[in-house]
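*Asks:* sharing a model that was predicted from the sequence below.
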Amino acid sequence: MQCIFKTNSLTLKGYLPLSKDAAAREFYMHLYPAQAILITLVKFYARNKGLDLLKVFIMPKDMKNTGSSSTSNEYQNEATENFHRLCQLFVTICGELLREVIRLRINDLRLKLDEYEKVLKHICNASQRKILYPNSEDKQTDLKDMDVSLLYILLRNICGIPAPKNGWGDKQEKSDLSIGACIDRIRVKRSVLFAHAYIGTIDTDSFEHNWDYLKKNIVEIATECNSVETYEEKVDELYDCTLNSSETKTCLEIIIKMEEEMKMDLEIKKVIFMEDTYVPPSSVNLTSTITVPNLSAINHIAYVKPGSLWVAGVCTLKQIDLAGNLIQTVDDALCYHGCFAVTENGDLFYIGKDRHNIKRKSSVETSTIVDLPDYVSIRCICISQKKGNLLVVTRNDLKTQRHRVVRYDINENISHVVLDDSIGDLYKAPFYITENRNGDIVVSDQENNAVIVVNSAGQNRFIIKTRNSAFLPCGLATDDTGNILVVEGHKETYIYVFDQDGILTRRLSEKRDRWWGVCLDDKRNLYVGNRKSTIDVYRY
């Protein structure tokens, strides 16, 4: 039996097979109010007639019914229907579920958004910020205006959801069925839709795999809302239903818009996997070796004109000449990765042993220029390309190890926060920092197994890492052409050379002991410290 309801612009068809079951099952679609009313009428009719409502779809009045599907001719084949069905699942059911989780966890959305305004404005793009913080006082912020990408940002940052086992944004383990991991998996599946958005097709095997994958995670998230059966039914009915071409078109437009916004974000943030660019190892010419008595594990080096080095090892910071002879020692310095920096005129800046202050040592005196509270620790420092500036990475230990990059004007005694990683997803264990000629700030993070590069405004440019997390970046340097040098700290020691856009151009190899610190002088001599008490000098 078939019921047809018509309005001026739409025809509603309800397929109502005879059934002994008087209850009509709900079919879910993201519908406008008029459409929802029509479906309610069909359901009411079905219940009164003792029928089982199986399928409902909306069809524009001027569209001819060409068969079992309401889609137009361009949507007739199975591959296009697969893609459109997946679009509807992602945009409608996933979107509705994520909104329900947010409503469950946040009583007053406006109040919460205002509380996290600084954080959200930092991580959202322009269109997302406009939705969260509209200019007009009359316009209300509504979850219905937010797509899955923006809902994910809110869920991750303001809803108090614990991070997955592998952390937000990383590949989640199959065994992790936490709500955070399931939400992250749905976010990852955006790439499947984005990869097919302009083709408009997806093969049946890929469709079935992705559908089952999304359904499993939807059901796990629905447990938090006590609505597992409801969402299982919605997914199953969307899988079986006759497609709605107008709704599919709307979903497709949303997907393409999300892809375009994602591409805009990727212009300032992308992950570069080193395996994607193969560069054979090249040997470097060892010109000399400097032995530093009573100093092991040389983890940081800085060149001082004319012809001396500051070096840090275990428990000791020393200035030596190029023959290894001691010039002077600093006893109250933190002797760790990235713990000091030297200006062109020879002034030394170093982190104090307690990690809460920075001292300046000139030829005349030693003074404290930065003194931070006990709950803020200093991780690493470097001299900026801008004269008179010092870049400092700090960590707030009271806020789950949140990091900041701060620029200090050492002459005017003022500071400016370049980057506030208040969400805690950029840095985990920053060891070294340097600034490139173009103003980019480069940080090696050993816990992230990555080199993280942001521009002078603190916006993410790119992240260099490997897929197997075998990368252990240590010392950093930049040359006069803007290349970035990174010391690999694993047993198979390399110095990787990347251009200023993160593309691997050289892989320097020399069978020496494990390397750590590195620096270049003005004559392109490369100084590399190792775990023993020697510094290898190469012609770069």
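*Replies:* Right, received. Where do you want to start?
*Asks:* neighbours around residue 149, how many?
*Replies:* 19 (other Cβ atoms under 10 Å). The way it works is simple: take the backbone N, C-alpha and C, and place the C-beta from them, glycine included.
*Asks:* the chain should start at 34 in everything you say after this.
*Replies:* With 34 as the first residue, the last one maps to residue 182.
*Asks:* for whichever strand or helix holds it, the distance to its chain's centre please.
*Replies:* Assigned by DSSP states H and E, residue 182 falls within helix 181-190. Centroid separation for helix 181-190 versus its chain: 13 Å, with Cα atoms, centre = their mean, to the nearest Å.
*Asks:* ok, stretch 245-263 next?
*Replies:* Using Cα atoms, centre = their mean, the offset of stretch 245-263 from its chain centre is 25 Å.
*Asks:* contacts for that stretch, please.
*Replies:* For stretch 245-263, contacts defined as Cβ atoms under 8 Å, 6 or more residues apart in numbering pick out 119, 122-123, 126-127, 130-131, 133-134, 137, 210, 212, 215-216, 218-219, 222, 264-265, 268.
*Asks:* what's the average pLDDT for the helix holding residue 182?
*Replies:* Averaged over helix 181-190, pLDDT sits at 87.
*Asks:* just the buried residues of the contacts of stretch 245-263.
*Replies:* 119, 122-123, 126-127, 130-131, 133-134, 212, 215-216, 218-219, 222, 264, 268 (16 or more other Cβ atoms under 10 Å).
*Asks:* neighbours around residue 505, how many?
*Replies:* Neighbour tally, residue 505, other Cβ under 10 Å: 16.
*Asks:* thinking again about what came up before, so which of the contacts of stretch 245-263 sit within strands?
*Replies:* Using DSSP state E, no member of the contacts of stretch 245-263 falls within strands.
*Asks:* mind checking which of the residues you listed land in helices?
*Replies:* Among the contacts of stretch 245-263, DSSP state H puts 119, 130-131, 133-134, 137, 212, 215-216, 218-219, 264-265, 268 in helices.
*Asks:* how about these in TSV, adding distance to residue 194 and pLDDT?
*Replies:* Shown next, in TSV, are the ones in helices among the contacts of stretch 245-263 (distance: Cβ to Cβ, whole Å; pLDDT from 0 to 100):
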residue	distance to residue 194	pLDDT
119	25	85
130	14	94
131	11	94
133	13	94
134	8	94
137	11	93
212	6	92
215	10	93
216	7	91
218	14	88
219	13	87
264	18	93
265	22	93
268	22	92
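*Asks:* which one of those residues is nearest residue 206?
*Replies:* Within the ones in helices among the contacts of stretch 245-263, the smallest distance to residue 206 is 10.6 Å, found for residue 218 (Cβ to Cβ).
*Asks:* surely that closest one is in contact with residue 206?
*Replies:* No. Counting by Cβ atoms under 8 Å, residue 206 is not a contact partner of residue 218; they are 10.6 Å apart.
*Asks:* quick one on the thing from earlier: can you tell me what sits against the helix holding residue 182?
*Replies:* 123-124, 127-128, 131-132, 134-135, 149, 152-153, 156-157, 161, 164-165, 176, 179, 194, 201, 213, 216, 219-220, 223, 291, 294-295, 456.
*Asks:* try stretch 443-460
*Replies:* 151-152, 155-156, 189-190, 200-202, 382, 393, 402-403, 421-424, 426, 432-442, 474, 476, 478, 481, 485, 487, 489-491, 493.
*Asks:* from residue 323, how far out is residue 355?
*Replies:* Residue 355 sits 6 Å away from residue 323 when distances are taken as Cβ to Cβ, to the nearest Å.
*Asks:* now do the shared contacts for the two.
*Replies:* residue 342.
*Asks:* those two: which is more packed in?
*Replies:* Each of residue 355 and residue 323 has its neighbours counted (other Cβ under 10 Å); residue 323 has more, 21 against 17.
*Asks:* could you list the buried residues of the helix or strand containing the more buried one?
*Replies:* Using DSSP H and E, residue 323 maps to strand 318-324. Neighbour counts using 16+ other Cβ under 10 Å place residue 323 of strand 318-324 among the buried residues.
*Asks:* just checking: what are the partner strands of the next helix or strand along the chain from that strand?
*Replies:* Using DSSP H and E, the helix or strand that follows strand 318-324 towards the C-terminus is strand 333-337. If you go by DSSP bridges, strand 333-337 pairs up with strand 341-346 (antiparallel).
*Asks:* and the angle for the strand it pairs with with strand 318-324?
*Replies:* Direction vectors for strand 341-346 and strand 318-324, defined by axes from the mean of the first three to the mean of the last three Cα atoms, to 10 degrees, enclose an angle of 70 degrees.
*Asks:* show the average pLDDT along strand 341-346.
*Replies:* 93.
*Asks:* next helix or strand past it?
*Replies:* Next along the chain from strand 341-346, counting by DSSP H and E, comes strand 349-354.
*Asks:* just checking, what packs against that next one?
*Replies:* Contact here means 3 or more Cβ pairs under 8 Å, 6 or more residues apart in numbering; DSSP states H and E; on that basis strand 349-354 packs against strand 341-346, strand 359-363.
*Asks:* number of residues surrounding the residue lying closest to residue 554 once chain neighbours are set aside?
*Replies:* Leaving out its chain neighbours, the residue that sits closest to residue 554 by Cβ to Cβ, 6 or more residues apart in numbering is residue 336, at 4.3 Å. Using other Cβ under 10 Å, residue 336 has 19 neighbouring residues.
*Asks:* thought residue 336 was touching residue 550?
*Replies:* No. Assessed by Cβ under 8 Å, residue 336 is found out of contact with residue 550, at 11.3 Å.
*Asks:* quick one: low-confidence ranges for the stretch 284-433 of the chain?
*Replies:* 284-302, 432-433 (pLDDT under 70).
*Asks:* where are the low-confidence patches of the stretch 34-183 of the chain?
*Replies:* Using pLDDT under 70, the stretch 34-183 of the chain drops low at 34-109, 155, 169-172.
*Asks:* which SS class is the residue nearest to residue 481 when sequence neighbours are not counted?
*Replies:* Spatial nearest neighbour of residue 481, chain neighbours left out: residue 461 (4.9 Å); criterion: Cβ to Cβ, 6+ apart. Counting by DSSP: H, G, I helix; E, B strand; the rest coil, the backbone at residue 461 sits in coil.
*Asks:* look up phi and psi at residue 461.
*Replies:* phi -120, psi -50 (degrees, to the nearest 10).
*Asks:* same thing with residue 462?
*Replies:* Main-chain torsions, residue 462, degrees, to the nearest 10: phi -140, psi 70.
*Asks:* returning to what we had before: contacts for the strand holding residue 323?
*Replies:* Contact with strand 318-324 is made by 342, 353, 355-357, 543, 558, 560, 566-572, as judged by Cβ under 8 Å, 6+ apart.
*Asks:* closest one to residue 510 out of those residues, please.
*Replies:* Out of these, the member with the shortest distance to residue 510 (by Cβ to Cβ) is residue 560, at 9.1 Å.
*Asks:* and the gap between the closest one and residue 264?
*Replies:* In terms of Cβ to Cβ, residue 560 sits 60 Å off from residue 264.
*Asks:* next: residue 251.
*Replies:* 5 Å.
*Asks:* filter the contacts of strand 318-324 down to the buried ones and hand me the ChimeraX line.
*Replies:* Of the contacts of strand 318-324, the buried ones go into a single ChimeraX selection, burial set by 16+ other Cβ under 10 Å:
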select :342,353,355,357,543,558,560,566,567,568,569,570,571
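*Asks:* give me the pLDDT for the residue nearest to residue 521 when sequence neighbours are not counted.
*Replies:* Sequence neighbours aside, residue 527 is the residue nearest to residue 521 in space, at 4.4 Å (criterion: Cβ to Cβ, 6+ apart). Predicted confidence (pLDDT) for residue 527: 85.
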